[in-house]
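Trainee: Quick one: sequence and predicted model below, then my questions.
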Amino acid sequence: MKMKSRQLKLPYRSVRAAISSSVFIAVVLVLPISHAQQDRQLVQNGSQPVATNVKRIALVIGNGAYTSAPPLKTPPNDARDMAATLRTLGFDVVSGINVNQKDMKRLIREFGMKLKGGGASGLFYYAGHGVQSKGRNYLIPIDADIQSEAEVEDSGVDAGLVLNYMDDAQNGLNIVILDACRNNPFARSFRSATDGLAQVDAPTGTLIAYATAPGRVASDGTAGNGLYTAELLKQMRVPGLSVTDMFMRVRGEVMKQTGNKQVPWEASSLVGAFYFGGAPNEATPTTAPSKIDPVAFELSYWETIKNSTSADDFKAYLARYPQGQFAELAKNRIATLATTTKPVETSAPASGGGATELAFWDSIKNSTSADDYRAYLEKYPNGEFAGLARRRLTPLEEKEKEKAKVDVTPSDPLAGTIWAGDSSGGDKHYEFQFLPNGEVVWNLKWGRLNNPTFRGTYTRNGNELRMVFDAKKVVGGDEVVAAVLTGDSLTGSWNFGRDEVRPDNGMYKFTVTKTSSTANVAQVNPAASLEGTTWKGDSSGGDKHYEVQFLPKGQVIWNLKWNNYGESKGFWKQEGNTITLVLDGYIRPVLITLDGDTMNGTWSGGQYKFTLKKVQ
């Protein structure tokens with residue numbers, strides 16, 4: 001198939017090609033060409049396999065819990081399963097789930113250092129949001145808050161950083177897997193946003209594999225894993241299957257499951273063979289059945305609890321391993337620790353399980369994330385470590401509940417309130433919505449700026465208030481608004497890009513008064529109170545399904561079933577028959593008109609329309 005593509009120059013021994021787009025999975029096998037290729041793991045005669053006694057090093061990252069972009073469900077699962085699978089295939093794996101920008105760069109840097117000097121094969125795997133901007137491709141950390149295309153370089157992680165470290169390591173065979181098969185979550189604020197992946201020519205010794213054809217969007221999957229990665233995980237384990245044949249199998253299965261709507265794509269210039277699961281007729285530990293010695297499970301169990309301060313952990317160990325290697329030590333620990341009256345979960349003695357389960361547990365056993373233990377229990381509900389996982393999960397879930405209570409409790413008088421008013425000349429209308437998390441939403445109705453909505457943060461010093469908004473997409477700089485609080489009135493001013501502005505010295509002045517509190521939003525229109533109701537419906541085209549739950553204290557849960565959108569939380573206000581939703585991850589508010597038991601609404605500046613019916 002001949003496809004129009006953006007061609008990027010690839011210098012010798014360097015891979016700077018953008019694995020571009022907001023939507024792609026790319027696997028890159030990078031092999032520098034030199035006089036010592038046989039020592040660098042790939043034999044040029046096209047029939048010899050890569051040596052399997054070479055050390056394999058992998059870094060695996062999966063991001064899904066985004067704070068300013070639609071959350072993703074499958075990438076954390078994809079990353080956990082990929083890490084576990086790679087361990088069974090002989091890789092030394094470091095993994096990170098829901099990683100911010102600082103830690104992503106640190107992990108990549110440490111990965112690059114490990115590759116140096118040892119002649120090891122390297123593999124990097126990333127699942128999560130990714131975007132293309134001006135010919136370069138960026139992986140999106142969970143803390144990225146991108147309001148315009150100009151901010152991508154500052155808030156994202158350039159995919160070329162990984163390739164640069166690999167090129168600098170001079171280690172031989174390198175694999176990069178980028179699973180970002182989703183629509184660009186920031187497309188509305190990008191001037192050059194495009195879907196799909198620009199095709200890149202593969203340099204000698206390289207295989208580039210795409211989840212779908214260039215310029216197309218791949219499926220994110222409906223189960224625990226993304227569709228393409230799920231098939232990739234299955235085929236990687238097959239012994240004697242070359243990397244080329246493996247991708248052919250993956251392509252066939254994905255096409256079958258999508259009715260040929262998604263066609264995985266490869267560009268290859270390989271000159272030798274590579275096997276994830278071992279070459280044909282090769283007897284190696286990575287190709288043997290994944291059944292391992294029960295002692296390994298006991299050792300991992302003990303490593304998890306040995307520093308515990310809970311007697312129940314050691315009781316559970318004795319229940320599972322009554323004659324275990326650490327039985328006497330466990331009894332001594334119990335004698336010195338305060339016990340609880342809670343019954344200890346017992347289970348059958350260890351009988352040995354899969355290497356994949358053990359690798360999975362080893363990757364999370366020191367985690368402080370409830371999601372990690374929930375993921376283990378979902379995958380292995382009766383696993384060797386199920387009881388231990390549940391005990392680790394209980395206190396973490398309690399912390400989640402406590403945090404949720406704190407999040408909904410306003411920490412200052414402004415939190416959860418709405419203020420509205422006009423400029424001194426009457427040509428501008430202002431509305432400020434102060435959220436409990438220290439953020440503020442500013443709706444400015446002024447034709448000169450096309451009635452924008454800004455999102456920022458606010459701080460208070462006595463009665464003086466300072467608001468900082470990122471307004472680069474409109475005026476090319478930050479906006480600072482200063483105001484003085486007097487009772488139920490705010491008087492302030494602002495200038496374009498002047499951070500020294502004070503309440504009375506700005507060019508544009510305003511006075512706003514408190515109109516409502518989201519904590520008491522039902523008082524705005526008691527006859528049409530929405531608190532405690534649920535509404536469901538579809539878009540006008542029928543391709544999107546909506547569910548909106550109006551909660552107490554002005555909170556709302558918005559669930560959009562469309563592409564990779566999902567659940568978002570926020571706040572609502574009602575003025576007469578007009579309802580406004582301010583949602584996390586959405587730049588503009590959702591506007592709704594109430595008509596009896598029917599709601600008609602729009603979002604994204606009126607681009608998308610929907611109708612909802614009251615269901616309870």
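Mentor: Received it, and whenever you're ready, just let me know what you need.

Trainee: Going along the chain, name the strands of the stretch 51-200 of the chain.
Mentor: For the stretch 51-200 of the chain, the strands defined by DSSP state E, counting those that start in this stretch cover 56-62, 91-97, 121-127, 130-133, 136-139, 157-158, 174-181.

Trainee: Please convert those strands to a markdown table, extending it with mean neighbour count.
Mentor: For the C-beta atoms, the positions are set from N, CA and C on the backbone; glycine is no exception. A markdown table is the format used below for those (neighbours: other C-beta atoms under 10 Å):
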| stretch | mean neighbour count |
| --- | --- |
| strand 56-62 | 25 |
| strand 91-97 | 20 |
| strand 121-127 | 27 |
| strand 130-133 | 28 |
| strand 136-139 | 24 |
| strand 157-158 | 21 |
| strand 174-181 | 25 |
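
Trainee: between those strands, which one is nearest to residue 311?
Mentor: strand 91-97 (30.2 Å; C-beta to C-beta).

Trainee: Can you spell out which helices and strands pack onto that closest one?
Mentor: When contacts are defined as 3 or more C-beta pairs under 8 Å, 6 or more residues apart in numbering; DSSP states H and E, strand 91-97 packs onto strand 56-62, helix 74-88, helix 101-115, helix 355-364.

Trainee: and of the strands of the stretch 51-200 of the chain, who's closest to residue 495?
Mentor: The nearest among these, by C-beta to C-beta, is strand 130-133 at 29.7 Å.

Trainee: partner strands of the closest one, parallel or antiparallel?
Mentor: strand 136-139 (antiparallel) (DSSP bridges).

Trainee: Thought residue 484 was touching residue 465, still the case?
Mentor: Yes: in this structure, residue 465 is within contact of residue 484 by C-beta atoms under 8 Å, at 7.2 Å.

Trainee: what's the overlap in contacts for those two?
Mentor: Residues touching both residue 465 and residue 484 (C-beta atoms under 8 Å, 6 or more residues apart in numbering): 490, 492.

Trainee: Among the strands of the stretch 51-200 of the chain, which comes closest to residue 308?
Mentor: Nearest of the strands of the stretch 51-200 of the chain (C-beta to C-beta): strand 91-97, 22.8 Å.

Trainee: looking at the strands of the stretch 51-200 of the chain, which one has the lowest mean pLDDT?
Mentor: Among the strands of the stretch 51-200 of the chain, strand 174-181 has the lowest mean pLDDT, at a mean of 77.

Trainee: Remind me what the following helix or strand past that one packs against, helices and strands.
Mentor: Per DSSP states H and E, strand 174-181 leads on to strand 207-210 as the next helix or strand towards the C-terminus. Under the contact definition 3+ C-beta pairs under 8 Å, 6+ apart, strand 207-210 sits against strand 23-30, helix 243-258, strand 265-268.

Trainee: Please state the offset of strand 207-210 from the chain centre?
Mentor: 23 Å (C-alpha atoms, centre = their mean, to the nearest Å).

Trainee: Dump that strand to PDB, restricted to CA.
Mentor: Extracted in PDB, the C-alpha atoms of strand 207-210 (Å, rounded to 0.1, in the frame of the first residue of the first chain):
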ATOM      1  CA  LEU A 207      11.800  -3.200  12.600                       C
ATOM      2  CA  ILE A 208       9.100  -0.500  13.200                       C
ATOM      3  CA  ALA A 209       5.700  -1.900  14.100                       C
ATOM      4  CA  TYR A 210       2.500   0.100  14.300                       C
END
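
Trainee: Show me how far the next helix or strand after it is from its chain's centre.
Mentor: Later in the chain than strand 207-210, the nearest helix or strand by DSSP H and E is helix 227-236. Distance, stretch centre to chain centre, for helix 227-236: 19 Å (C-alpha atoms, centre = their mean).

Trainee: Sort out which residues of helix 227-236 are buried, please.
Mentor: Using 16 or more other C-beta atoms under 10 Å as the test for burial, helix 227-236 gives 227-233, 235-236.
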